[in-house]
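Participant: give me a model of this one.
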Amino acid sequence: MFTWDEEWEVVIGLEVHTQLQTKSKIFSGSSIEYGAEPNTQASTVDLALPGVLPVMNLEAARLAVRFGLAIDAHINKTNVFARKNYFYPDLPKGYQISQMELPIVGAGAIEIETESGIKSIGVTRAHLEEDAGKSLHEDYQGKTGVDLNRAGTPLLEIVSDPDMRSPAEAVAYLRKLHNLVQYIEICDGNMQEGSFRCDANVSIRPKGQEELGTRTEIKNINSFKFVERAMEYEIERQIDILEDGGKIAQETRLYDSDKHETRSMRSKEEAHDYRYFPDPDLPPMVLSDDFIEEIRATLPELPEAKKSRFETNLGLSSEDASILTSNRATADYFELTKSLCSADTKIIANWMIGELFANLNKSELEISSSPITPAQFAKLLDRLHDNTLSGKTAKQVFAALWENVGEVDDIIEQKGLKQITDTGAIEAIVDEVITDNPDQVEQFKGGNDKVIGFLVGQVMQRSKGKANPQMANQMLKEKMS
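Facilitator: Purely as a prediction, here's the structure:
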């Protein structure tokens, strides 16, 4: 685990840009579909041509309120859009429409699990804003291209309090937030496509000091691993500067994952003024109580409630319940399998966490892209439950399903994998094993119960894995007693 000198305390706050799952942009009807050819999804509004006016996308407000309710935050019924003035080549208007003094979501909190127990991380605010475009450097020697497809994409910027005291806590918060926005279906959480990206504010202060140290901001980190590594590097860098008698410059830095270092991007003085003022083209947005309560009524079961239900109602361990509710897709796969399956809940959990997850990890697939559907998975576990398959042959069927060979019953038939449950057939094999292994039989009769595992293994080997192991175990014990 990453550690630092006990004389210093780390203070971390995160700003997370969450792309909202609307069909169109926040102030225009342009599509936000990912991967289109550059500048094919930029309307006259997105290009900021003279005379055009923004029109608020109500669905973006609905999704923002959904998030606020999910974290039990204050919802500002009257919220105002402001112009944040700065110049970038990929910002067509020369300002960004955002929210400043009256954001749509006020103070709330998110709980995380730490080594010391549950910790509440404050959420300062969450405000709506439009995304900028994208500058392209790779394909233009000595020049910069500009793609305005992203300009106007609706974002919810979620700003935490500076409550985190280690990179591990920051990543735990970020994962919890990533899970939540997918659960409540406001964001797809795709970090590679930029749907969920993080700016980290990091500062250091002497242990016991109340006043915050000078912070640096690390921009646009798009993976959990890089967020943690960037903060670890920045903490070490700041401690080294302070211990050498230097001062931390307040600035924006970029993280280079190849060199594992942060580099200065631009200074960010306290006095930097974006000259916020209310956008004259957008009147204050007023939300009614009915609008808010209508959204509250559509909230799905939240991750913590689902985890608690899995433990209390389904009898799963806290660890298994945490894994199976770690994201919405995994929880949905488990619950759909359970609804279609007569096998014990614990067996479903064990096979998901074991065989299914192992194959998904090996193939670098998300559960939503699993070659085995919940219906197929349920059928496989049903055949294990009704003793058509043994644990060994069930794994063979799983492997065939993974390769899309066919359906469960067809695979069992084609490969001759049906488990032997006929008492006479198993008894004949048991008799052979007892006759051929007199030393082990004597050991069992002498009180060595562990040898039964070897003898059952012999039965399974001679039956090519088809004998019911429970029946074989019982029959061996009866015959040797």
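
Participant: any low-confidence regions in the protein?
Facilitator: Within the chain, the ranges that satisfy pLDDT under 70 run 1, 267-272, 420-422.

Participant: and with 80 instead?
Facilitator: For the chain, the stretches with pLDDT under 80 are 1-5, 138-142, 220, 266-273, 419-423, 425, 464-468, 470, 481.

Participant: find the residue at the geometric middle of it.
Facilitator: By CA atoms, centre = their mean, the chain has its centre lying nearest to Asn179, at 4.4 Å.

Participant: shouldn't that one be in contact with Ala331?
Facilitator: No - counting by CB atoms under 8 Å, Asn179 sits too far from Ala331 to count as a contact (9.8 Å). All C-beta atoms are positioned from the backbone trio N, CA, C, and that covers glycine.

Participant: need the distance between the two termini of stretch 73-84.
Facilitator: 24 Å (CA to CA, to the nearest Å).

Participant: ok, residues contacting that stretch?
Facilitator: By CB atoms under 8 Å, 6 or more residues apart in numbering, the residues outside stretch 73-84 that reach it are 56, 65, 67-69, 95-109, 123, 126-129, 274-279, 282, 284-289, 292.

Participant: narrow the residues you listed to those in strands?
Facilitator: Among the contacts of stretch 73-84, the residues falling in strands (DSSP state E) are 95-98, 108-109, 123, 126-129, 277-278, 285-286.

Participant: for the residues you listed, which one is nearest Val11?
Facilitator: Of all those, Val123 has the smallest distance to Val11: 16.3 Å, by CB to CB.

Participant: related to what we said a few turns ago, the contacts of stretch 73-84, buried ones only, as a PyMOL selection?
Facilitator: Here is the PyMOL command that selects the buried residues among the contacts of stretch 73-84 (16 or more other CB atoms under 10 Å):
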select buried, resi 56+65+67+68+69+95+96+97+98+99+100+102+103+104+105+106+108+123+126+127+128+129+279+282+285+287+292
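
Participant: gap between Met191 and Lys225?
Facilitator: Noted for Met191: a distance of 10 Å to Lys225, by CB to CB, to the nearest Å.

Participant: roughly how far is stretch 51-60 from the heart of the chain?
Facilitator: 31 Å (CA atoms, centre = their mean, to the nearest Å).

Participant: cool, stretch 403-420 as well?
Facilitator: Put simply, stretch 403-420 sits 34 Å off its chain's centre (CA atoms, centre = their mean).

Participant: and stretch 425-439, by the same measure?
Facilitator: 52 Å.

Participant: go on, stretch 446-461?
Facilitator: Relative to the mean C-alpha coordinate of its chain, stretch 446-461 is positioned 44 Å out (CA atoms, centre = their mean).

Participant: any shared contact partners between Asn179 and Ala331?
Facilitator: Both Asn179 and Ala331 are in contact with Pro303, where contact means CB under 8 Å, 6+ apart.

Participant: so what's Ile347 up against?
Facilitator: By CB under 8 Å, 6+ apart, the neighbours of Ile347 are 381, 384-385.

Participant: now these as CSV including neighbour count and secondary structure?
Facilitator: Below are the contacts of Ile347 laid out as CSV (neighbours: other CB atoms under 10 Å; DSSP: H, G, I helix; E, B strand; the rest coil):
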residue, neighbour count, secondary structure
Leu381, 26, helix
Leu384, 23, helix
His385, 16, helix
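
Participant: okay, the helix or strand hosting Leu14 in CSV with CA atoms only?
Facilitator: Secondary structure from DSSP states H and E places Leu14 in strand 8-19. Extracted as CSV, the C-alpha positions of strand 8-19 are listed here (Å, rounded to 0.1, in the frame of the first residue of the first chain):
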residue,chain,number,x,y,z
TRP,A,8,2.0,15.1,6.5
GLU,A,9,-1.7,14.9,5.9
VAL,A,10,-3.1,14.5,2.4
VAL,A,11,-6.3,16.4,1.3
ILE,A,12,-8.1,15.3,-1.8
GLY,A,13,-11.2,16.6,-3.5
LEU,A,14,-12.6,15.3,-6.9
GLU,A,15,-14.5,16.9,-9.7
VAL,A,16,-16.2,14.3,-11.8
HIS,A,17,-17.6,15.1,-15.3
THR,A,18,-20.5,12.7,-15.9
GLN,A,19,-21.9,12.7,-19.4
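
Participant: pull the longest helix from this structure.
Facilitator: Ranked by number of residues, the top helix in the chain under DSSP state H is helix 224-243.

Participant: gap between the strand holding Leu14 and the chain center?
Facilitator: Worked out by CA atoms, centre = their mean, strand 8-19 lies 17 Å from the chain centre.

Participant: in it, what's buried?
Facilitator: Buried, per 16+ other CB under 10 Å, within strand 8-19: 8-19.

Participant: of the residues you listed, just say which sits nearest to Ser166.
Facilitator: Nearest member of the buried residues of strand 8-19 to Ser166, counting by CB to CB, is Val10, at 6.0 Å.
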